[in-house]
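Structure for this input, please:
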Amino acid sequence: MPVRATTDNRFYLRFLVIGVVAIGFALWSAYDGAIAYPAQRERALKYQELEKEDRVKEWPEVARAQGWPTDTPGTPKTDADFLVQYIMAAIAGTIGLWLLIVVLRSRGRWIEGSETGITSSWGQSLDFDSVVSLDKKRWSKGIAKVTYRDGKRKKQFVIDNYKYKRQETDTILRALEAKIGADKIVGGEPEPLPEEQGEEAS
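Model prediction:
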């Protein structure tokens with residue numbers, strides 16, 4: 001009976017959160033560069049003008065007349081300050097957009113194991129008898145790489161039990177190991193069967 005492992009939304013939640021925060025930071029930086037900093041510079045230059053004319057005491061009245069805050073505006077923002085805000089907006093916006101695209105692309109993705117092989121929602125598939133090796137060096141992080149032959153070419157299929165629901169993904173991996181044999185497994189031992197895990201726990 002085919003076993004399908006669908007996307008684990010918990011894995012992609014952090015991408016969503018970081019992406020939203022990055023987009024928010026980008027918008028904030030763009031606002032500072034386009035609106036907040038120019039307004040601050042206008043206030044600060046006016047304040048400096050009053051200082052030079054020894055009329056600082058008039059600042060609260062001047063500020064209120066312009067609809068500005070009456071606190072001391074500080075050093076005027078420079079063109080370099082504006083540029084930094086735009087650079088940060090571009091970097092954060094790019095990162096945030098990329099992360100949100102990753103989340104959107106993950107929707108509806110799956111891998112499925114059958115009696116004869118493994119297939120995926122994006123069209124990649126392999127037969128068990130075409131498998132050259134199963135690399136488990138990174139399985140402690142949930143990643144196993146299957147190298148298989150597709151005609152004259154070698155390709156890789158990644159099994160990831162963090163991106164996909166773990167129980168189903170582990171079932172697919174165990175079925176793969178049983179079909180290809182231990183001699184094709186490198187970087188780790190075959191996964192124990194569920195009944196063997198139960199015996200170890202007891």
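
And the pLDDT at the closest residue to residue 2 other than its chain neighbours?
Spatial nearest neighbour of residue 2, excluding adjacent residues (Cβ to Cβ, 6 or more residues apart in numbering): residue 114 at 4.7 Å. C-betas here are computed from N, CA, C, even on glycine. pLDDT, residue 114: 95.

ok, how many other residues are close to residue 114?
16 (other Cβ atoms under 10 Å).

Would you mind measuring from it to residue 127?
10 Å (Cβ to Cβ, to the nearest Å).

Residue 87: which element?
Element membership for residue 87, per DSSP states H and E: helix 79-106.

Same check on residue 144?
Residue 144 belongs to strand 143-150, assigned by DSSP H and E.

Identify each buried residue in that strand, please.
143-148 (16 or more other Cβ atoms under 10 Å).

try stretch 29-36
29-30, 32-33.

try stretch 89-108
Those would be 89, 92-93, 95-96, 99-100, 103, 106, for stretch 89-108 by 16+ other Cβ under 10 Å.

quick one, strands of this structure?
3-6, 110-113, 117-120, 125-127, 131-135, 143-150, 153-160, 185-186 (DSSP state E).

measure stretch 115-125 end to end?
From its first residue to its last, stretch 115-125 covers 13 Å (Cα to Cα, to the nearest Å).
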